[in-house]
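Q: Pasting the sequence and the predicted model now:
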Amino acid sequence: MADIRARIAKRAAKEFKDGDIANLGIGLPTMIPDFLPEGVSIVLHSENGFTGLAGTPEPGEEDYRVIDSGGKWVTTAPYVNFFGAEESFAIIRGGHLDMTVLGAMQVDEEANLANWIIPGKNVAGMGGAMDLVVGAKKVVIAMTHTQKGNHKIMKKCTLPLTAKKVVDMIITEMCVMEFIDGKLTLTEIHPDYTLEDVKAATEAEFAVSPNLKVMEEE
Amino acid sequence: MADIRARIAKRAAKEFKDGDIANLGIGLPTMIPDFLPEGVSIVLHSENGFTGLAGTPEPGEEDYRVIDSGGKWVTTAPYVNFFGAEESFAIIRGGHLDMTVLGAMQVDEEANLANWIIPGKNVAGMGGAMDLVVGAKKVVIAMTHTQKGNHKIMKKCTLPLTAKKVVDMIITEMCVMEFIDGKLTLTEIHPDYTLEDVKAATEAEFAVSPNLKVMEEE
Amino acid sequence: MKNKMLTAAEAVSVIKDGDTIAVGGFLGTGSPEILLDALVAQGTKHLTLIANDGGMRDDNPYTGGRHKGVAKLIANGQVDHIIASHVGVNPDIFAGMSAGTLKCTLVPQGSLAEKLRAAGAGLGGVLTPTGLGTPVEEGKRIIEIEGVDYLLELPLKPKVSLIRADYCDKFGNFTMLKATKTFNHVMAMAGEIVIVAAEKVFEIGEKDPDFYQVSGVYVDMIVEGEEPWQI
Amino acid sequence: MKNKMLTAAEAVSVIKDGDTIAVGGFLGTGSPEILLDALVAQGTKHLTLIANDGGMRDDNPYTGGRHKGVAKLIANGQVDHIIASHVGVNPDIFAGMSAGTLKCTLVPQGSLAEKLRAAGAGLGGVLTPTGLGTPVEEGKRIIEIEGVDYLLELPLKPKVSLIRADYCDKFGNFTMLKATKTFNHVMAMAGEIVIVAAEKVFEIGEKDPDFYQVSGVYVDMIVEGEEPWQI
């Protein structure tokens, strides 16, 4: 499982170019900075109000004024700039983020996304997720292909949506899929899996790119 | 004429209470701070981006970064704070100004205001005037009662409007009129004039307050 | 000039049972703790609370063992209705919802900021694509512009806003350091009455004008003595 | 990290004939003079110019005898259409309008700021009472909310925004002193491409983070050498 998560994060890391401004969702996406290619450094936006999220402070070095959007104490890059919610979400919603990478519960053929209501659980709230996926220039979903045997890439999301028609790319341990001219298209497949494996694990209909590539580990 | 202008400014000055935040239009209204009653100091907002407009700098003491909305170099109060247009007009439009005092070409019975298009002249633009009269808590029009014998307090404005139903009070050399329950009402009259004089100089219909007072010079 | 300096107890006495208040900060960081403490002491009930979240309860490892931010009000049963973007961090909120004592309205974080700003800036509303096709659109108008749909988000105006600043002057101009800014500026714009709790209050003119980030025209009351959070 | 440092000539070369540009400042104060000089030298024509006003012509007593702000572009015949709130200070604008060479669209100053901010903040539009019942409402939609009418003001998005800052770092975080802020922040938000001209550019990390007022994420190009205005 650790391998699978790292595989997904590594592949997602390749989507970035130097200087990109991005917001990474909690969990798997936060592993991405560790896997950025040589010469690529990115600027991380934290929706509670800054650009220039860096790492975790040493114990005793915490700054009580600097938390991330999960409430954890964090450190910042030298180019950090802090701002209020109105500015933080103007940055998000105004198209100033090159990319956001988030997990999902479901994605469907129409690029709809569901990732905020877990059935049977209390609804914690969308926080900034709805804004992020509507506002970022590119929305990448990084997730395991299925969840306890259940499909996550659906014909139509059955869970309440986070947003409609917003997903650009899906990266799983099995493959990479992209919405090309609005059509969900398989563009890379991991050597461990066959096309039949991917089809079986995917409820959605998808096209196969004529340039289908191998999803490389390194 | 100088006397008349000072009379109007003096009367307008009495509308302020200590600490009021105000924006004063160009011309006559800028004389108001000189006539504020003892113990009353007000905060002047300049729509190009600050609260704390003060006076005129000594020659050689100009700060090229500090102009007023007319483009003139000015000085600032010790509590000055500077901001951009989005904030300056949020202050204006969000009801954070206690008062604005402006001149007018026409005001009418419905509290409509026309003060931005001069017939036969080029249209310079409304600048911040439309925002000011819509946003300020109280809108006081300080002007001469007539213009070259023409009425300015009309049944209905004939010039293009600056805003609809925004005027709260009119102060002229002849009298003070207020909109009380939506009805234009004469509340003060200057000792130099009779009610008939005011009626002759006013096209609008107006009520006379049962508490009609003398418009005092001092 | 008006004197705006008050004690925390004097300032929060303007808040009455049933009022709508807004409290700045994000998970407690940037929240005005001395005003919240005074409001807990005052015991005002049936509040509608506008905040990004529910703060952090004392058992959260990032609190140093005391309730952080609006968690104080919720733990003390003073809130009937919370309007927030995310309430998952404070378990008291789910408990209150289950018990039927707390209503929760969820608003996307960016829309929450814009709704507050709209109230403060005199806008009748703003159009946003955020929330379209989701449960957020329930009961809201959809406005189409050149073939594109937007949700109409209306202004959200608190009676009282409780703001945290690091520095303030006696006019009310204030400055927030680092990531304590969240929601404090827009709530200062939006509140009918605005109370700022500052770590340090300077005399007017003591600092350069550009030292202050937000104009004191929004501020009605100032309370000194906000402390750095204990880590 | 991307290198954003360029000469003024290199930076303004992204502006092509017929483009829509926005220029910060108010009657020239807070306008990026070195970028405007470079754009005059480049000679780009048929521009649509978004600015608060028309700047000041060299014969205005507040200019020290040289064109201030966007007056340079207008004097040089580079602008076909100006979108502004007030153009009365610069007589070249009335002359151009009379000659039929310059079109002028007037927008209330607060609406101009909000239209730019809407473009930068991803809003589909904002509702405002400003302009209702006046010539400003022509061609605009009126939206009624609970019996109250508002004008729908749509976003205004320039291709290139020219901004002035006093201080900037190489990431693009920037700071404007005193009354030079007007329209620079919202235009930095709104521009597809944003060029900042700064008096002084610092290395990244040289100053405290709260030294900077606006995030460098908006900024694509930085030009050093903006000079204090000669009085």
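A: Sure, I can see it.

Q: Where does chain C get nearest to chain A, residue-wise?
A: In chain C, no residue comes nearer to chain A than residue C:88, which is 2.7 Å away by C-beta to the nearest C-beta. Using the backbone N, CA and C atoms, a C-beta is placed for each residue, glycine as well.

Q: Let me see the contact set for that residue.
A: A:122, A:124-125 (C-beta atoms under 8 Å, 6 or more residues apart in numbering or on different chains).

Q: So which residues of chain C form strands?
A: Ranges of strands within chain C are C:20-23, C:47-50, C:79-84, C:103-106, C:125-128, C:142-145, C:148-153, C:160-169, C:174-175, C:193-202, C:221-224, based on DSSP state E.

Q: between these, which one is nearest to chain B?
A: Using C-beta to the nearest C-beta, the nearest of the strands of chain C to chain B is strand C:160-169, at 6.6 Å.

Q: Who are the packing partners of the closest one?
A: If you count contacts as 3 or more C-beta pairs under 8 Å, 6 or more residues apart in numbering or on different chains; DSSP states H and E, strand C:160-169 packs onto strand C:20-23, helix C:33-42, strand C:174-175, helix C:184-190, strand C:193-202.

Q: where does chain A have low pLDDT?
A: Across chain A, the ranges flagged by pLDDT under 70 are A:1-2, A:218.

Q: The residue in it that chain B sits nearest to and residue C:115: what is the separation?
A: Per C-beta to the nearest C-beta, residue A:86 is where chain A lies closest to chain B, at 9.7 Å. Per C-beta to C-beta, to the nearest Å, residue A:86 is found 10 Å from residue C:115.

Q: Please apply the same query to residue A:54.
A: From residue A:54 over to residue C:115 (counting by C-beta to C-beta), the distance is 32 Å.

Q: And these two? Which one has more around it.
A: Between residue A:54 and residue C:115, counting by other C-beta atoms under 10 Å in any protein chain shown, residue C:115 is the more crowded of the two (25 against 14).

Q: Check what contacts stretch A:87-98 and list those residues.
A: Contacts for stretch A:87-98 (C-beta under 8 Å, 6+ apart): A:16, A:20-23, A:45, A:47-51, A:83, A:128, A:131-132, A:134-138, C:109-110, C:113-114, C:128, C:130, C:182, D:117, D:119-123, D:189, D:215, D:217-218.

Q: Sitting in helices, which of those residues do you find?
A: A:131-132, A:134-135, C:109-110, C:113-114, D:117, D:119-121, D:189 (DSSP state H).

Q: Residue C:197 contacts residue C:161, correct?
A: No - Residue C:197 lies out of contact with residue C:161 (C-beta atoms under 8 Å); the separation is 11.3 Å.

Q: hang on, the earlier thing: got a winner among the contacts of residue C:88 for most neighbours?
A: Result: residue A:125 is most packed of those (other C-beta under 10 Å), 25 neighbours.

Q: can you pull the contacts of that one?
A: Contacts of residue A:125 (C-beta under 8 Å, 6+ apart): A:116, C:53, C:84-88, C:106.

Q: Could you export the ones in helices among the contacts of stretch A:87-98 as TSV, including distance to chain B?
A: Shown next, in TSV, are the ones in helices among the contacts of stretch A:87-98 (distance: C-beta to the nearest C-beta, whole Å):
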residue	distance to chain B
A:131	19
A:132	23
A:134	22
A:135	19
C:109	20
C:110	16
C:113	13
C:114	12
D:117	5
D:119	12
D:120	10
D:121	10
D:189	9
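
Q: Turn these into CSV, including neighbour count.
A: Converted to CSV, these look like this (neighbours: other C-beta atoms under 10 Å in any protein chain shown):
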residue, neighbour count
A:131, 32
A:132, 30
A:134, 27
A:135, 28
C:109, 32
C:110, 33
C:113, 30
C:114, 34
D:117, 29
D:119, 23
D:120, 30
D:121, 31
D:189, 26
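
Q: now, the most widely separated pair of those?
A: Maximum pairwise distance among the ones in helices among the contacts of stretch A:87-98 (C-beta to C-beta): 20.5 Å, between C:109 and D:119.

Q: burial measure for residue 192, as a count.
A: Since you didn't name a chain, this refers to chain A. Residue A:192: 11 neighbours (other C-beta under 10 Å).

Q: wait, I meant chain C there
A: Other residues close to residue C:192 by other C-beta under 10 Å number 15.

Q: near chain B, which residues of chain C?
A: C:1-2, C:117, C:119-123, C:169-171, C:173, C:189, C:204-205, C:209-210, C:212, C:214-218 (C-beta under 8 Å from any C-beta of the partner chain).

Q: Now with 10 Å, please.
A: Contact residues (C-beta under 10 Å from any C-beta of the partner chain) of chain C with chain B: C:1-4, C:117-123, C:155, C:157, C:169-174, C:185-186, C:189-190, C:192, C:203-206, C:208-218.

Q: In ChimeraX, select just the buried ones from these.
A: Selection of buried members from the residues of chain C next to chain B for ChimeraX, criterion 16 or more other C-beta atoms under 10 Å in any protein chain shown:
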select /C:4,117,118,119,120,121,122,123,155,157,169,170,171,172,173,174,185,186,189,190,204,209,210,212,213,214,215,216,217,218
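
Q: And for residue C:81, the neighbour number?
A: There are 14 residues near residue C:81, going by other C-beta under 10 Å.

Q: Distance of it relative to chain D?
A: Note on residue C:81: its distance to chain D, by C-beta to the nearest C-beta, to the nearest Å, is 21 Å.

Q: count of neighbours near residue C:14?
A: Residue C:14 has 16 nearby residues by other C-beta under 10 Å.

Q: Quick check: chain neighbours aside, which residue is closest to it?
A: Once flanking residues are discounted, residue C:14 sits nearest to residue C:193: 5.6 Å by C-beta to C-beta, 6 or more residues apart in numbering or on different chains.

Q: Give the bridge partners for that neighbour, please.
A: residue C:160 (DSSP bridges).
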